[in-house]
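J.: No letters, just coordinates:
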């Protein structure tokens, strides 16, 4: 299953991404957990220590690798057949999870941005279109790592939001971007909900069909984040994510069944 998780900065999308990766891994699935947001901390959320993370260089910064894979300087639009070597060599194993840092897509006008961006797009293409493993992309609100071609292999876009107008507005923009790219299934998770009033606000903004789950604010999870110790799957947050995980599995089963019929 291929899942992208997006949303406004600070809404907790990285906690959602890490939790889904861990839940799939606990079921014995091999998972590629991809940090595609330069401002995110997916590695920390997965429980990887700072000293180990410091050794994981984002793919976009590996100039020698990019040059080698682009025949010394030309544009790269597909990786060599040995793509598994790249993914395994530059990722970290955490049980059944392989953690990989992508780095940011370079804006137009950046030096050599075509070659480097094409390299990242090729890596994403390989993960989404060629791998049978679970792939979870922790992305920024711009979802710029996805192309229309890659999106055909995406099973689910999860947009995480808080109970605020700005967060909901960002969520709607991401949902529209996902629709424009042709992603068939997009769902919303409302996170850090403090009260029944905030939950009612969320329910007024999104339909029951759009909402994948509502997660209440959890002080226990905050303690884990502040101390960078302990499992992110803890307390009430764990219970909420386990319910969401089961809904994700159900969605994938329904999609697989529909594809088989068509």
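T.: Here it is on my side, so go on. This one's a predicted model, so the numbers in the text were calculated from it and none came from an experiment. Numbering: from 1, shown residues only.
J.: in the chain, which ranges drop under the pLDDT threshold?
T.: 40, 66, 69-85, 104-116, 223-230, 254-262 (pLDDT under 70).
J.: can you map out the helices along it?
T.: Using DSSP state H, the helices of the chain run over 13-26, 42-45, 50-53, 63-69, 83-89, 113-125, 148-151, 165-181, 196-205, 219-227, 235-261.
J.: could the ones you listed be laid out in TSV, adding distance to residue 158?
T.: The C-beta positions use only the backbone N, C-alpha and C, and glycine is treated the same way. Shown next, in TSV, are the helices of the chain (distance: least, C-beta to C-beta, whole Å):
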stretch	distance to residue 158
helix 13-26	7
helix 42-45	14
helix 50-53	24
helix 63-69	30
helix 83-89	23
helix 113-125	17
helix 148-151	14
helix 165-181	10
helix 196-205	15
helix 219-227	18
helix 235-261	8
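J.: Just name the most buried of those helices.
T.: Across the helices of the chain, averaging neighbours per residue (mean count of other C-beta atoms under 10 Å) puts helix 13-26 on top, at a mean of 25.
J.: So which elements touch that helix?
T.: strand 2-7, strand 31-36, helix 42-45, strand 97-101, strand 134-139, strand 156-161, strand 186-193, helix 235-261 (3 or more C-beta pairs under 8 Å, 6 or more residues apart in numbering; DSSP states H and E).
J.: Is it possible to get a markdown table of the ones you listed that adds distance to residue 220?
T.: Formatted as a markdown table, these follow (distance: least, C-beta to C-beta, whole Å):
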| stretch | distance to residue 220 |
| --- | --- |
| strand 2-7 | 22 |
| strand 31-36 | 22 |
| helix 42-45 | 15 |
| strand 97-101 | 22 |
| strand 134-139 | 22 |
| strand 156-161 | 19 |
| strand 186-193 | 13 |
| helix 235-261 | 4 |
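J.: Can you tell me how far residue 132 is from residue 2?
T.: Separation of residue 132 from residue 2 (C-beta to C-beta, to the nearest Å): 10 Å.
J.: more crowded one of those two?
T.: residue 2 (22 against 8; other C-beta atoms under 10 Å).
J.: Could you pull up the contacting residues of the more buried one?
T.: By C-beta atoms under 8 Å, 6 or more residues apart in numbering, the contact set of residue 2 is 127, 128, 134, 135, 153, 154, 155, 156.
J.: 6 Å - rerun?
T.: 128, 135, 153, 154, 155 (C-beta atoms under 6 Å, 6 or more residues apart in numbering).
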